[in-house]
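A.B. asks: Provide a 3D model corresponding to the input given below.
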Amino acid sequence: MTQPLVTILDDEPEIRRILTDALEDAGFRTQSFSRAREFEAALNRVTPDVCLVDLSLPDTDGLALVHRLALEQGAAVIIISGRAQVQDRVTGLELGADDYITKPFDPAEVVARIRARLRTPRTQTSHSDTAEFNGWTAHFDRYVLESESGDETPFSHAEGEVLRLFLESPKRLISRGQMQESLGGAAGDSFDRAMDVRISRLRTKLGEDPKNPRLIKTIYGAGYIFLGDVGWK
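C.D. replies: A predicted model of the protein is given here:
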């Protein structure tokens, strides 16, 4: 069985070395890059399982790159950054990152976070990559929502994880704790804020009335329920 591939984008050679050593010791394959241009060129040839991305890059805006990765790649995106402010963390998660780790970091924590990202419903389920519900088709292989008229709307990897979680447990209460356990990442205000943002974006893409959504219902103080009728293809 091929080991998961983790790509590392950081302009600091020592950071790349520490991460490479820790990940390869843990059984992962790695590729490391110091420039976004080289990193993006490599993505045209291979799709990694997880991308580790620093925000302070010399040749591009790290947050803009994270947003593109979240929308265009099938990989989980984890930010590793020296920016420790809460707003930077929240912004990164809002733009589609799956997790946020601040420098300095414990390499063992990075390995644990990556393993948590790979232990998602997407890797555990026996379902296919296409689900139909209430006039919509979710293509998880292409990260696209297709309407009855054939119009397509892209969704990010992070949004897709939340959507798949709902579609695999329709008409059942899913608590915040269950979401954190299933989707990984560090619990806390930033995780809760990220979930709020992802669910809000999914509702928008599904044409939901934010004041009275039909599909993704908030049960205040308890969690969420997805009320659609789901069929997997």
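
A.B. asks: Please list the outside residues in contact with the strand or helix carrying Val110.
C.D. replies: Assigned by DSSP states H and E, Val110 belongs to helix 107-118. With contact meaning CB atoms under 8 Å, 6 or more residues apart in numbering, helix 107-118 is reached by 4, 6, 18-19, 21-23, 26, 28, 49-50, 52, 76, 78, 80, 98-99, 101, 184-186. Using the backbone N, CA and C atoms, a C-beta is placed for each residue, glycine as well.

A.B. asks: now do 7 Å
C.D. replies: Contacts to helix 107-118, defined as CB atoms under 7 Å, 6 or more residues apart in numbering, come from residues 4, 6, 18-19, 22-23, 26, 49-50, 76, 78, 98-99, 101, 184-185.

A.B. asks: and the closest residue to Phe133 other than its chain neighbours, how many neighbours?
C.D. replies: Distance criterion CB to CB, 6 or more residues apart in numbering; nearest residue to Phe133, sequence neighbours excluded, is Gly228 at 4.0 Å. Residues within reach of Gly228, counting by other CB atoms under 10 Å, total 19.

A.B. asks: how close does Gly228 get to Leu52?
C.D. replies: 35 Å (CB to CB, to the nearest Å).

A.B. asks: re earlier: would you mark the buried spots in the helix holding Val110?
C.D. replies: 110-111, 113-114, 116-118 (16 or more other CB atoms under 10 Å).

A.B. asks: Stretch 79-93 too?
C.D. replies: Quick answer for stretch 79-93 (16+ other CB under 10 Å): 79-81, 83, 88-93.

A.B. asks: One more: stretch 43-55?
C.D. replies: 43, 48-55.

A.B. asks: List the buried residues for stretch 146-157?
C.D. replies: 146, 155-157.

A.B. asks: Could you do stretch 219-227 as well?
C.D. replies: 223-226.

A.B. asks: In PDB, list the C-alpha atoms belonging to it.
C.D. replies: Output in PDB follows, covering the C-alpha atoms of stretch 219-227 (Å, rounded to 0.1, in the frame of the first residue of the first chain):
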ATOM      1  CA  ILE A 219     -30.200  22.800  16.700                       C
ATOM      2  CA  TYR A 220     -29.000  25.500  19.100                       C
ATOM      3  CA  GLY A 221     -26.900  24.200  21.900                       C
ATOM      4  CA  ALA A 222     -26.800  20.700  20.400                       C
ATOM      5  CA  GLY A 223     -25.400  20.600  16.900                       C
ATOM      6  CA  TYR A 224     -26.800  20.200  13.300                       C
ATOM      7  CA  ILE A 225     -29.200  17.900  11.400                       C
ATOM      8  CA  PHE A 226     -29.200  17.400   7.700                       C
ATOM      9  CA  LEU A 227     -32.800  16.900   6.500                       C
END
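
A.B. asks: sorry, back to before: next, format the buried residues of helix 107-118 as a markdown table and append pLDDT and distance to Met179.
C.D. replies: Converted to a markdown table, those look like this (pLDDT from 0 to 100; distance: CB to CB, whole Å):
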| residue | pLDDT | distance to Met179 |
| --- | --- | --- |
| Val110 | 94 | 22 |
| Val111 | 94 | 22 |
| Arg113 | 87 | 16 |
| Ile114 | 91 | 19 |
| Ala116 | 79 | 13 |
| Arg117 | 78 | 14 |
| Leu118 | 81 | 17 |
